[in-house]
Each structure stands twice: as C-alpha cells, then as structure tokens.
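J.: Give the three-dimensional model of this entry:
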Amino acid sequence: MIKSKTFETGNFYLASYLIAQGMELLTISKVDDRHCKFVFIDIDINKREQLVRDYNFAAQDASSVLVDARRLIQAIRSLKEKLHQQI
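T.: Residues are numbered from 1 along each chain as shown. Coordinates of the predicted model:
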C-alpha cells in the first residue's frame, strides 16, 4: 500500500468520523476475515492529526468533536455498504 499521502486505520468509527469531517476515503483493504484497513487520502497531515487527537482524547462534549448527526450516520452507512460489497 502507498504510504505517502495516505492515512490508515482499522477503527471503523474513527473512519466514519473522519469521513463525516470531510476526509476522503481512498480504499478499504481487507486484512483478514474479521479485520480491514480504511485508507484515506492525507492531504493535510496537520488537520488529520488534530482530528484523530480530538477523536481519541477530547472531552465528550468538546466542540472540536461535534459532528452533524446526519453526516455521521451517512458515513457509517456508506462504510457498511462498501464493506458488504467486498464480501
């Protein structure tokens, strides 16, 4: 997998959050029957690092992690569809 200008995570909900925050999903690569990696185009590394840091460590009600519910639900649905298409 191309390492430059990409970011990978195996966390489904982090991937959903990043999509809802506007990051572009490049591909989903299957690791094994139960695990996969979500690969994102990582144009703005500083922004991505901040999003991941906020997702993991910000207080639950921090404004930096608030996302429009409809965008998050759409991101979750989209990822689930893509995962099921790979089966």
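J.: Work out for me the element residue 47 sits within.
T.: Element membership for residue 47 (DSSP states H and E) is helix 45-57.
J.: Next SSE downstream of that helix?
T.: Counting by DSSP H and E, what follows helix 45-57 is helix 69-86.
J.: can you list contacts of the helix holding residue 47?
T.: The contact list for helix 45-57, computed with CB atoms under 8 Å, 6 or more residues apart in numbering, reads 7, 14, 17-18, 21, 23, 40, 42, 62, 64-65. Using the backbone N, CA and C atoms, a C-beta is placed for each residue, glycine as well.
J.: repeat that with 7 Å
T.: Helix 45-57 is contacted by residues 7, 14, 17-18, 21, 23, 42, 62, 64-65 when judged by CB atoms under 7 Å, 6 or more residues apart in numbering.
J.: low pLDDT regions in this structure?
T.: Scanning the chain for pLDDT under 70 picks out 1-4, 87.
J.: tally of neighbours for residue 20?
T.: 19 (other CB atoms under 10 Å).
J.: for it, what are its contacts?
T.: Residue 20 touches 67, 71-72, 75, counting by CB under 7 Å, 6+ apart.
J.: what helix or strand is the residue most central in space within the chain on?
T.: In the chain, the residue lying closest to the centroid (CA atoms, centre = their mean) is residue 15, at 1.7 Å. Here residue 15 sits within helix 12-20, counting by DSSP H and E.
J.: Determine how far that helix lies from the middle of the whole chain.
T.: Averaging C-alpha positions (CA atoms, centre = their mean, to the nearest Å) puts helix 12-20 3 Å from its chain's average.
J.: Run through the residues that contact the nearest residue to residue 43 once chain neighbours are set aside.
T.: Distances taken as CB to CB, 6 or more residues apart in numbering put residue 5 closest to residue 43, at 7.0 Å, once the chain neighbours are dropped. Contact analysis of residue 5 by CB under 7 Å, 6+ apart lists 41-43.
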